[in-house]
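Chemist: below are the sequence and a predicted model; questions follow.
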Amino acid sequence: MVVPVSANALDIRLRRPSWDPLPRGLPVRTRVRLAALVGLPLVVFYLSWLFDPVRIGQPELYVLLVCAELLNVVQAVGFWWTCAFERIREPKAPTVPAAVDVLIPRYDEPPEVVELTVAAAARLRGHDVRVWLLDDGDSDEMRALADTYGVGYLRRPVHDHAKAGNINHALTKIDAPYVAIIDCDHVVYPDFLEATLGHFEEDDRLAFVQTPQYYANGNEPGVPGAAWHQQTLFFGAIARGKDGLGATFCCGTNVVFRRAALDETGGFPTHSITEDFELSIALHESGWRTAYLPKVLAAGLGPEDMAAYTTQQLRWARGCLSALPRILRARLPWRLRAQYLLSGLYWLSGWTVLFYMMFPLLRILFGVQPLAHLTAPEFLLHFVPYFLIALSTAALAGAGSYTFTALALAAASFWVFIVASLLTAARRRGSFKVTPKTGANARQPRAVAPALAAIAVLASVSIWGLIHTPDSATYNNASFALFHICVLLTGCWPALRRPQPADSGSASSAEVIRLQAS
Amino acid sequence: MRRRGARPAATAGEPFPLSRRGRARLPVRRELRLESTAAIVTIATLAGAALRLAVNRDLSLEEVKTADLAHLSFGGLINHLSHAGVQPPLHPVLQWLLVRVAGGSDFVLRVPSLAAGIALIPVAAWLGGELFDRRTAIATALLVSVAPALVWYSQEASSYALVALFSTLAVIGAARAIQRGRPADWVLHVVAASLAVWSGWSGIFVVAAIELGFVLVWIQRRRTGTPLQPFLAAWGLDTLALGFQLVALGVLFAAQLSHNGGLTGVTDVSASGVSFYTTVSNVSWGLFGFHPSAVTTVLSALWPLGMLASLVMIGREAGPRAWLLLGCALTPALGVFLLGLAVPGAFDVRYALAAVPLLFVLVGHVATAWPRSRLGRTLVVGGILLVLIGALVDQQTDKNNPRRYAYRQSLARVQREARPGAAVLYEPSALHPVVSRYAPGLHVSPLTTRLPTRAQASSVFVVTSFANSPRLQALLNREIGALRATRHLVTRHSYSGVNVWWFR
């Protein structure tokens, strides 16, 4: 029987996934190990050149450059290390019947988004599947929707601690040995539980099985596409590598928990806005293990516009950065601690973008630069091999899925990461803001205003420099500025252009995932 | 004729008629019509021909030396080539024939290069269409028609444009042979590859890259279980035919090497070896043509944009055709680079000119494939075209272009102003054929001879070129200093690549 979803017959989430988390050809771990074999000596070659005291130009700028380069090197080497331990799990069906509570937390998402999610969850194959719509929006329409599809409906009297509080409240009302969490914009495929539950039988201390957070709108141009291409690297090579190192962390949706693990840690932490990240730390501290299954088993919606993306990134950045002290204090093996630190430190990359943008400006305006006794050939000789190998490894590991637009979108969000780190440093509590699931359908220059300001400054200073001192050094720094302008402009472009109508598409029946009950 | 407002008929690949808007939204872009493609390529070829035929410079020293060979007897020419020559015989023989038929004017000497340079425009477009699509063909034709380096070498009485043309044809033949494997495709490859190597020694780079491509195809077909017999048979014959010629040419090359004292003599160009500056300069020359050193220095400073280009490439998948093309383009560049490490004179863009049209095919493909909209494609292609046109204008008109030598103008002036009894000295001594060509009646001697006394010559003209050589600088300082001390400097004229002093 096909799910009777009248309004959503052409919903993009019903399309067959266009992404396979497992690239064809040579395994990623082999590719990355080979690249690392070449890359590590090149890293040493570059850093030994950079750390030579003779290179110190303007000392403060030199320190900033070294910090930025160290962060980049740590991220690059960490990426190689992670991908080199790639583990590929296969779907594993349970051999004994098990009951599962499927939780769909909802805050203010519209019915047209939630309906298909509920309908799909109601058709999950399994021995004893109990679906619960956890409605923090107190909507009677949602209650009616739950009734329509025959799923449970939970509403709580006090709406504290956002999604974590909502789930924790539900945990007091349910009792199945497994708990699946599906965000209310994710259409879960019928075999979701069949593919994941078997892994729990293999390992008594397995706390959860995470599956990819696939964006069905990832083929759309602009923000959804770029945001999806960022996700592909994480849910591709990185997540498989983290699984190989036993360091998979929960991503909040498309995940199945062992109830005992949740009970032991007291449910989801309520003090963090990235409760899934903190929960994973707590589980690992308690000796639980985690797993990642690289198979698309649910299709969701990525941020549709720049404002939604910014909201999402700010929350993730603040959550992960605020978890850094927790990671340092946690009783974790060094391997896990390093993996969590790598994930947390990524969000400092906004500062590196800011520093790199500053350097050419300061050189043009004041003639100061971080490095001294520098010639282009010497710099290129030491930097370019490392740069190219780092870039090539990302391309090889991503197998073509990580793109320039993804990189540019991250670069144009540099200010979000900076704001997040400043707020975290100031110990300002963040509130859980749900990523909007529908686009604003309008240009959003305000969402990229800081990046646009950076572009304006870079362009103005470059033009001023070229007019006043048109020598080769100015051309060189102006071309660095142009480099940043191009990257930022690419990242900002989706917010500046007129929104394209979403490709609601008329997917043929062959393309559509049939949500059939067995 | 279709009735106005009638529903458009379904075309191949469309199961039902689509509206214009619906068709535009198809995920697979539609191919352009052959007629419109051919029309645009023809227009680009005509425009490119006009640009190439508008030669506004004199023959360089190297061209004049080559031109002198055309005045030898055929036996003398062959004898020279097999001993003192620096190139394979095709281009000198073509010039020899043309001089016999049409005389030895500058234009006639340039005819083989002009013809090759003009033919290269549709041939490069053919390659773009063969490997990718008609949009690439159009973009390639437009870009190649104004590509400064290709225009420059089309106007030079040398073999480099021939090498570029035949190398491009060889790549087309190889691509067709791999894809379809018809005998005509293999014949095209073997003939074009042969002509490339018969035109210039640097033709061997593309031939080698193509052979490597064949090896990879063989490995890939073996892996996938594709029947290999027809491919191997054709490839074997092709390699045999090429190898037979390479043996003969190898003997000639060895003789030239031996006579000229190794590769340094054969390369015959005063390039200054491999360095960061020369590497960037050669890349810049290949893409944007020849400009005063100040412009090249500025272009060298733009290397961060190369980093940007590498970032833009992330996640862009390249198919086997793009890899074949990239391999064929990079091999000459890499070969010349490696050769330049051993022989400084070999590190010059002219020896890697075969890479330039191939790179422009790739640029044309990227410019038409990456932008999603027609406007985007137009803007990108138009932008690149404007940059190239700007570079071409500067190359063709800037008198400080380091590759431009105004011998005719400078020597005409000397000839006009040198009264009987005047001495005309020139340096370097290799300049003699140039002086003989452009000022045949002038009595001249090298600057290295003893300076004439006042009694011997009432006035002295000194003509110099290639003033960037340290040896020449030292000589000039000494001799010009001596003339300044004993005579009055009437005037000093600077022409493109030539300086003239007039002492009385």
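Modeler: In hand now; what should we look at?
Chemist: residue contacts, A:Val368?
Modeler: Neighbour list for A:Val368: A:57-58, A:61, A:362 [criterion: CB atoms under 8 Å, 6 or more residues apart in numbering or on different chains]. Backbone N, C-alpha and C define where each C-beta goes, glycine included.
Chemist: can you map out the strands along the chain?
Modeler: Answering for chain A, as no chain was given. A:99-106, A:128-135, A:152-154, A:178-181, A:187-188, A:206-210, A:214-215, A:255-258, A:289-292, A:298-300 (DSSP state E).
Chemist: um, chain B though
Modeler: B:423-427, B:444-446, B:460-465, B:489-495, B:498-503.
Chemist: B:Val151: what's it in contact with?
Modeler: Residues in contact with B:Val151, defined by CB under 8 Å, 6+ apart, are B:48, B:51-52, B:117, B:289, B:392, B:395-396.
Chemist: ok, and the most crowded of these?
Modeler: The most neighbours of any of these, using other CB atoms under 10 Å in any protein chain shown, belong to B:Gly117, which has 30 neighbours.
Chemist: my read is that it contacts B:Ala149, right?
Modeler: No. Counting by CB atoms under 8 Å, B:Gly117 sits too far from B:Ala149 to count as a contact (10.5 Å).
Chemist: got the phi and psi for the spatially most central residue of chain B?
Modeler: In chain B, the C-alpha nearest the mean C-alpha coordinate belongs to B:Leu353, at 4.0 Å (CA atoms, centre = their mean). Reported as degrees, to the nearest 10, the phi and psi values for B:Leu353 are phi -60, psi -30.
Chemist: surely B:Gln415 touches B:His443?
Modeler: No. Judged on CB under 8 Å, B:Gln415 makes no contact with B:His443 at a distance of 10.6 Å.
Chemist: burial count for B:Met307?
Modeler: For B:Met307, the neighbour count with other CB under 10 Å is 18.
Chemist: give me the low-pLDDT residue ranges for the chain?
Modeler: You didn't pick a chain, so chain A it is. Low-confidence segments of chain A (pLDDT under 70): A:1-10, A:430-440, A:499-518.
Chemist: ah, no, chain B please
Modeler: Within chain B, the segments meeting pLDDT under 70 span B:1-30, B:264-272, B:467.
Chemist: test my guess that the residue nearest to the centre of chain B contacts B:Val163.
Modeler: Yes. B:Leu353 is in contact with B:Val163 according to CB under 8 Å; the separation is 6.4 Å.
Chemist: what residues do these two have in common as contacts?
Modeler: B:Ser202.
Chemist: who's in contact with A:Gly165?
Modeler: By CB under 8 Å, 6+ apart, the residues touching A:Gly165 are A:156, A:159, A:268, A:270.
Chemist: what's the closest of those residues to chain B?
Modeler: Relative to chain B, the closest of these is A:Phe268; by CB to the nearest CB it sits at 34.9 Å.
Chemist: mind listing what the spatially most central residue of chain A touches?
Modeler: Taking CA atoms, centre = their mean, the centroid of chain A lies closest to A:Gln231, which sits 5.2 Å from it. With contact set as CB under 8 Å, 6+ apart, A:Gln231 has these partners: A:212-215, A:218, A:302.
Chemist: same question for B:Ser158.
Modeler: With CB under 8 Å, 6+ apart, B:Ser158 has these contacts: B:62-63, B:66, B:91, B:113, B:350.
Chemist: residues near the residue nearest to B:Tyr405 when sequence neighbours are not counted, how many?
Modeler: Once flanking residues are discounted, B:Tyr405 sits nearest to B:Gly497: 3.7 Å by CB to CB, 6 or more residues apart in numbering or on different chains. For B:Gly497, the neighbour count with other CB under 10 Å is 24.
Chemist: what about B:Gln415 and B:His443, which has more around it?
Modeler: Ranked by neighbour count (other CB under 10 Å), B:Gln415 and B:His443 place B:Gln415 first, with 16 against 10.
Chemist: ok, the nearest residue to the more buried one once chain neighbours are set aside - how many residues close by?
Modeler: Excluding the flanking residues, the one nearest B:Gln415 by CB to CB, 6+ apart is B:Ala439, at 4.7 Å. By the criterion of other CB under 10 Å, B:Ala439 has 23 neighbours.
Chemist: what about B:Ala439, distance to B:Arg492?
Modeler: 18 Å (CB to CB, to the nearest Å).
Chemist: do stretch A:455-468 and chain B meet?
Modeler: No. Stretch A:455-468 is not in contact with chain B by CB under 8 Å from any CB of the partner chain; minimum separation 10.0 Å.
Chemist: roughly how far out does that stretch sit from the chain middle?
Modeler: 34 Å (CA atoms, centre = their mean, to the nearest Å).
Chemist: and residue 462, what is it in contact with?
Modeler: This is for chain A. A:360, A:364, A:477-478, A:481-482 are the contacts of A:Ser462 under CB under 8 Å, 6+ apart.
Chemist: wrong one, chain B
Modeler: Residues near B:Val462 by CB under 8 Å, 6+ apart: B:425-427, B:447, B:479-480, B:483, B:499-501, B:503.
Chemist: without its sequence neighbours, what residue ends up closest to A:Ala120?
Modeler: A:Val187 (4.4 Å).
Chemist: count the residues that sit near the one you found.
Modeler: Around A:Val187 there are 28 residues (other CB under 10 Å).
Chemist: show me what it is bridged to.
Modeler: Judged by DSSP bridges, the bridge partners of A:Val187 are A:Ala299.
Chemist: distance of it from A:Gly300?
Modeler: Per CB to CB, A:Val187 is found 7 Å from A:Gly300.
Chemist: what is in contact with those two at once?
Modeler: By CB under 8 Å, 6+ apart, the residues touching both A:Val187 and A:Gly300 are A:13, A:216.
Chemist: still on that earlier bit, from B:Val108, how far out is the residue nearest to B:Gln415?
Modeler: Taking CB to CB, one finds B:Ala439 at 20 Å from B:Val108.
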